[in-house]
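Chemist: what's the 3D shape of this:
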Amino acid sequence: MTRFLHVFSIAGVGEIMCKYGAGDKVLQLETLDPFGFGKFYGVTETFPNTGELILRAIKLAPEYDYVIVHDYPEMIKDIPEHKLIYIFHGSKLRGMSQSDRDYIAQTGIPVYVTTVDLMEYIPSTYLPNPVDLEHFVDDTGTEFEVLKNGNWFCINRSYQRDFIEKKIREKYPKVEYYERNKDSIIQYEDMPGFLEQHSNYVDWKFTYDKPEPHSLPDLSCTGLQAMAVGCTVHNGNGEVTDSKLLAIHDARRVTQRFLKDFD
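Modeler: Okay, here's the model as predicted:
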């Protein structure tokens, strides 16, 4: 059986892939997991700094067929290229210089991206953002009271909030803007219960461009999670997102498709 080691998991993708068969361990920086993916899935070793993490990755690499590096390929040294796989998740690749992207492309290291628009930046294979449908289900029971009352909400960032909130309210005037910052983080374990309280989720995310960010076209991880617990998900074009997309993003199917590339 092919063995995969994940390094720098983003948005829990490494942990989720481990659950469904593509890996058994994630090496992660403490600062990169404020949502508690490591605690929830139980396959993660966390480190206080990059140096300790990299030394551990180098030590473990001989035990694995492949080392999957999420978003930070420049951090990985002394691991043979034939063992490496890169997965990019968004802003890191968008902000990468053309010369760095060209260098990665010419190495021949397999590259995967979790949103379709990222395929424009580098030769790559699309790996849909996975949603764990065993965790995000309509009848998930948590400490939160379920109050499906027709309300509208979005979860977005504090940086550039004035612009983003104004833009969203032009199309969705009744939306409640839940600002995600270090003091308001919802743990992954509790996320289904939080989302279940709402009926309509506005899934409209933005780049970090200055002076004004641009809309991102793809369904976000939070949008997928909201859809999975029964919310109606609305996009930046004022349209309802088709819930059939959950089949494409089902973590089990996504992972099995990935594994077929390495049979």
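
Chemist: how distant is the host helix or strand of K59 from the center of its chain?
Modeler: Assigned by DSSP states H and E, K59 falls within helix 50-60. Centroid displacement of helix 50-60 relative to its chain, using CA atoms, centre = their mean, to the nearest Å, is 23 Å.

Chemist: can you list contacts of the following helix or strand past it?
Modeler: As assigned by DSSP H and E, the chain's next helix or strand after helix 50-60 is strand 66-70. Residues outside strand 66-70 that contact it (CB atoms under 8 Å, 6 or more residues apart in numbering): 2-10, 13-14, 17, 22-23, 57, 61, 75-76, 79, 83-89, 262. Just so you know, the C-beta spots here come from the backbone N, C-alpha and C atoms, and that holds for glycine as well.

Chemist: Would you mind checking these for buried ones?
Modeler: 4-10, 13-14, 17, 22-23, 57, 61, 76, 79, 83-89 (16 or more other CB atoms under 10 Å).

Chemist: need the helices for the chain, in chain order.
Modeler: 13-19, 37-41, 50-60, 91-94, 98-107, 161-171, 191-196, 221-228, 245-249, 251-260 (DSSP state H).

Chemist: Kindly reformat those as CSV and extend each row with mean pLDDT.
Modeler: Below are the helices of the chain laid out as CSV (pLDDT from 0 to 100):
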stretch, mean pLDDT
helix 13-19, 98
helix 37-41, 98
helix 50-60, 96
helix 91-94, 91
helix 98-107, 95
helix 161-171, 95
helix 191-196, 94
helix 221-228, 96
helix 245-249, 95
helix 251-260, 98
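
Chemist: Let me have the ones you listed in a markdown table, extended by distance to V69.
Modeler: Converted to a markdown table, the helices of the chain look like this (distance: least, CB to CB, whole Å):
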| stretch | distance to V69 |
| --- | --- |
| helix 13-19 | 10 |
| helix 37-41 | 17 |
| helix 50-60 | 9 |
| helix 91-94 | 11 |
| helix 98-107 | 11 |
| helix 161-171 | 30 |
| helix 191-196 | 26 |
| helix 221-228 | 19 |
| helix 245-249 | 22 |
| helix 251-260 | 15 |
